[in-house]
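Enquirer: Fold the following, please.
(2 chains)
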Amino acid sequence: MSDRATMLSIARLVPEGSRVLDLGCGDGALLDHLQRERGCSGYGVEIADDNVLACVKRGVDVIQLNLDEGLSMFDDSSFDVVLQVDTLQHLRNAETMLVETARVGRIGIVAFPNFAHWPNRLAILRGRMPVTKRLPYQWYDTPNIRVGTFKDFEVLATKNQLSILDAFGLQEGREVRRLPNVRASTAVFKFERG
Amino acid sequence: MLIAKPQAMQFDAPLPLRCGASIRGYSLAYETYGSLNAERSNAVLICHALNASHHVAGVYEDQPGSEGWWDTMIGPGKPVDTDRFFVIGVNNLGSCFGSTGPMHLNPDTGKVWGADFPVVTVEDWVDAQARLLDALGIRRLAAVMGGSLGGMQALSWTLQHPERVRHAVVVASAPNLTAENIAFNEVARRAIVTDPDFHGGHFYAHGVVPKRGLRIARMIGHITYLSDDVMNEKFGRQLRDGIDLRAAAGPSQGGAAPSGGSDLRTARSVGAYKYSTQDIEFQIESYLRYQGDKFSEYFDANTYLLITRALDYFDPAREHDGKLAKALAVARAKFLLVSFTTDWRFSPQRSREIVKALLDNRRDVSYAEIDAPHGHDAFLLEDARYLGVVRSYFDRIAAENAAPPAAGAQSEAATAPAAPVVEAT
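Expert: Below you'll find the model as predicted:
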C-alpha cells in the first residue's frame, strides 16, 4: 500500500489546503506529501511507537492513540478530510470508526484491501484463503481482522447514511473504474454524511 | 563529561506575585550548557519539578555522582543536545537549592523568611524566569521544556509569553491537579505543619528541622510516583531481614527432593515475621523510610509547602469558565506532549486534555503515550521510545533553526491555522 503511485492516487482526492486527520497514519508519508505538495495541514493518529517516532522525525504532527478507543478527542466536523488508508481492516469497531470518521470530517476517504479481487476469488475456488501481495498473510496469522469487498463497503456506507462521492479500485497504482470489485486489489471510497 | 557550573543572578526590581505581595532583592540560581548562537535562537529553558533544581545536566567539577537530575535527557549528543542548543536550567523562587527562598533573609525585616515567605505560583515562577532570560539577552526560546510541575511551567510559558516560545515540550504533566492529587499534597503538608519541630514555619530560629513531617511527606510522594507493578517487582512482599519465604522455598531449594518439608521449615525460621507493628517488616517499608530520611536531610519544609501549594493552585482554565481550550487560545507555540501509561498521578488522560484543548485551537501538537511500567517517575528514567521521541522533536527544532529565514517564514505560514471549517449539514 505504501507504493508511491497508490499514495498519489489517494492524495489527489484531498482538496488543496485541506485540514486533514489521517487515522492510522503509519510513518506519516502521506500527510507529509499532503503538507508539502497540496498545502494541507493536520495530524496523524497512530498507535505504534516506531511510527509515532517516524512521524515526529519527519515533522508530521502525530497523536498517539488507540483508534479502538474512539475519536472523542476530535470535535464534530473539525477536519475537512479524514483519511483511513489501510486502517479499517485492523479495527475491532470498524463500523463505529466509519461513523466517527464521518462525524469528525466533512469528507471521509477510506482505502482497504478488496477481498473480492479475482486472484482472491480464485484462491477461494481452489479451497484456500488467498495469500497475495496485497494480503500477504496466512489466515491464522493476519493483522487484517476485517476482510471486506468493494461491494460490502457500499452496503455498509448506505446502512450508515453515508453518501459516496467517489469510488474506484486501485491496482498496481492505477485507478480501476470498471468492475473494480473484481479487477482491483484495493478499494477506495470518498464519502460524506448523507 | 559535561561540567556544570552554578551561577546566580540578582534582581533588584520588585517582582509582583499573584498573591498580592511582591518580592524584591531576590536571586535566581541557574546553570547554562552549550552556547548561544549568533541569532540567539537556540535557547532551551528547562523548568524543574518538585524537588529538583537548576542542576539539570552534567556534573560539578571534582564531584563524581553529582549528575544533574535530567542528565539522561540533556547533554552533548543527548536528546536535548547541548552541542546544538543553549540549555538553561533555572531554580525557582522559594526553592531551597540556591534561589531566594524561605531560608534566606527578608530584606525588609532582616530576619529569615520562614513561613512568611510569600506564596508563589507557577505563573510567578514563569515571570521570574522571563526576567532571567531578559538579563541573558534571550528574547525568544527555541523551546521550553519540563516534566510534571515543570510541564505546568512550560505550558504556562506559552500562555503568559506566547510570542517568546517557539516550542513547548510538556512531559507527564496536567492542566491542573485532581482532587486526589490535592489530597496527597494536603496529607504531606499536614505531616509537616503538625510536626512539633515545625514551630509555625520558624523552626530555623529554634535550631531544629521538622524531619518527621518531611519524612512522611516524602514517603507519600514517593508512593505516588511509582506504579504498583514496579513496586511489586522491586520489593514485592520481601521481608527486610532474612529471605522471603517463597523465594527460600522456591527454585533455590528445588533440587532437594522429598525432604522439602524440612527445608520449608528452615526457610520459615529465617524469613519469619516479627509480629511487630513498630519495626520495619517489609523491604518496601525500609525503602520508604530510607528515602524519607534522605529527603529530610536536605529539603526545606517551608519550600515543600510552597511548591505543593503552587501545584494545587495551577489551573489556567480557571479564569476561562473552566474551559481549557479557551485558556490555551492565546498559545502560539508548537507542542510536544508525552505521558506514560502507568503514571496514575499525572495520568495520560490529563495530558490528553491538554492535547484536545490544543487541537480545538488548531495548534501544532504531537502527543506520545509511552507504554512504560515505571509510573510518574518514568519521565526521569531512560526509556528508548521516550528519549527517541524527544530527540526527534529537538532534531526538528534544530532543522528549523538551520533553515534559511525565508524558508522558516514559509513553513510558519504553512502551519498557520486554517480557515474555520464550515459545518456540514
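
Enquirer: Read off the pLDDT value for the closest residue to B:T341 other than its chain neighbours.
Expert: Closest residue to B:T341 apart from its sequence neighbours, by CB to CB, 6 or more residues apart in numbering or on different chains: B:D371 at 4.8 Å. The C-beta positions use only the backbone N, C-alpha and C, and glycine is treated the same way. In the predicted model, B:D371 carries a pLDDT score of 96.

Enquirer: B:D371 contacts B:D343, doesn't it?
Expert: No. Using CB atoms under 8 Å, B:D371 makes no contact with B:D343, being 11.1 Å away.

Enquirer: Of those two, which one has the most company?
Expert: Remark: of B:D371 and B:D343, B:D343 carries more neighbours, 28 against 13, as counted by other CB atoms under 10 Å in any protein chain shown.

Enquirer: Tell me the secondary structure at that one.
Expert: Per DSSP: H, G, I helix; E, B strand; the rest coil, the local secondary structure of B:D343 is coil.

Enquirer: ok, and the residue lying closest to A:D49 once chain neighbours are set aside, which helix or strand is that part of?
Expert: In this structure, A:D49 finds its nearest non-sequential neighbour in B:R385, 4.8 Å apart by CB to CB, 6+ apart. With secondary structure defined by DSSP states H and E, B:R385 is part of helix B:384-402.

Enquirer: Going along the chain, name the helices of the stretch 301-425 of chain B.
Expert: For the stretch 301-425 of chain B, the helices identified by DSSP state H, counting those that start in this stretch occupy B:301-313, B:324-327, B:348-360, B:384-402, B:405-414, in order along the chain.

Enquirer: Please name every helix or strand in contact with the host helix or strand of A:R36.
Expert: Per DSSP H and E: A:R36 is located in helix A:29-38. Judged by 3 or more CB pairs under 8 Å, 6 or more residues apart in numbering or on different chains; DSSP states H and E, helix A:29-38 is in contact with helix A:4-11, strand A:19-23, strand A:41-46, helix A:49-58.

Enquirer: Quick one: closest of those to B:L328.
Expert: strand A:41-46 (15.9 Å; CB to CB).

Enquirer: Tell me the strands beside that closest one, with direction?
Expert: Strand pairing for strand A:41-46, using DSSP bridges, gives strand A:19-23 (parallel), strand A:62-64 (parallel).

Enquirer: Reduced to three states, what does the residue lying closest to B:V56 once chain neighbours are set aside come out as?
Expert: In space, and not counting its chain neighbours, B:V56 is closest to B:G89: 3.7 Å by CB to CB, 6+ apart. Following three-state DSSP, we place B:G89 in the strand state.

Enquirer: Likewise for B:M103?
Expert: Judged by three-state DSSP, the three-state class of B:M103 is coil.

Enquirer: what residues are up against it?
Expert: Contact partners of B:M103, counting by CB atoms under 8 Å, 6 or more residues apart in numbering or on different chains, are B:96, B:112-113, B:204, B:300, B:302-303.

Enquirer: again with A:A116
Expert: Taking CB under 8 Å, 6+ apart, we find A:A116 in contact with A:149-151, A:181-182.

Enquirer: quick check, nearest of those residues to chain B?
Expert: Sorting these by distance to chain B puts A:F150 at the head of the list, at 25.0 Å, by CB to the nearest CB.

Enquirer: So the closest one sits against A:A184, correct?
Expert: Yes. When contacts are counted by CB under 8 Å, A:F150 is listed as touching A:A184 (7.1 Å).

Enquirer: Strands along the stretch 51-200 of chain B, start to end?
Expert: In the stretch 51-200 of chain B, the segments counted as strands under DSSP state E, counting those that start in this stretch are B:59-60, B:74-75, B:80-81, B:86-90, B:143-147, B:167-171.

Enquirer: Tell me the secondary structure at the residue nearest to B:V90 when sequence neighbours are not counted.
Expert: In this structure, B:V90 finds its nearest non-sequential neighbour in B:Y30, 4.4 Å apart by CB to CB, 6+ apart. Reducing the assignment at B:Y30 to three states with three-state DSSP gives strand.

Enquirer: Pick out the residue closest to the middle of chain B.
Expert: Averaging the C-alpha coordinates of chain B gives a centre point, and the residue nearest to it by CA atoms, centre = their mean is B:A49 (2.3 Å).

Enquirer: Let me see the confidence value for it.
Expert: The predicted local confidence for B:A49 comes out at a pLDDT of 96.

Enquirer: and it, backbone torsions?
Expert: Backbone dihedrals for B:A49, given as degrees, to the nearest 10, come out at phi -90, psi -170.

Enquirer: Can you give me every residue that contacts it?
Expert: Taking CB under 8 Å, 6+ apart as the contact definition, B:A49 lies against B:146-150.

Enquirer: Check the burial of B:D116 by counting its neighbours.
Expert: By the criterion of other CB under 10 Å, B:D116 has 16 neighbours.

Enquirer: My error: substitute B:R332 in the last question.
Expert: Taking other CB under 10 Å as the neighbour definition, B:R332 ends up with a count of 16.

Enquirer: so the most centrally placed residue in chain A bridges to which residues?
Expert: Centrality entry for chain A: nearest residue to the mean C-alpha point is A:V85, 2.2 Å, by CA atoms, centre = their mean. A:V85 forms beta bridges with A:A111, as assigned by DSSP bridges.

Enquirer: you'd agree it is up against A:A111?
Expert: Yes. The pair formed by A:V85 and A:A111 meets the contact definition of CB under 8 Å, at 4.7 Å.

Enquirer: Flag the shaky bits of chain B, pLDDT-wise.
Expert: Scanning chain B for pLDDT under 70 picks out B:242-270, B:404-425.

Enquirer: check contacts around A:I109.
Expert: Residues counted as contacts of A:I109 (CB under 8 Å, 6+ apart) are A:10, A:13-14, A:81-85, A:188-191.

Enquirer: Assign a three-state SS to B:Q10, would you?
Expert: Secondary structure state of B:Q10, per three-state DSSP, is strand.

Enquirer: Tell me how many other residues surround it.
Expert: Using other CB under 10 Å, B:Q10 is surrounded by 10 other residues.

Enquirer: need the residues of chain A near chain B, please.
Expert: A:17, A:19, A:35, A:39, A:41, A:43, A:49, A:52-53, A:55-57, A:59, A:61-65, A:73-80, A:106, A:192-193 (CB under 8 Å from any CB of the partner chain).

Enquirer: I'd like the distance between the residue of chain A positioned farthest from its centre and B:A179.
Expert: Note on chain A: the largest C-alpha distance from the chain mean falls to A:R126, namely 29.1 Å (CA atoms, centre = their mean). Look at A:R126 and B:A179: by CB to CB, to the nearest Å, they are 63 Å apart.

Enquirer: Please apply the same query to B:N51.
Expert: Distance from B:N51 to B:A179, counting by CB to CB: 23 Å.
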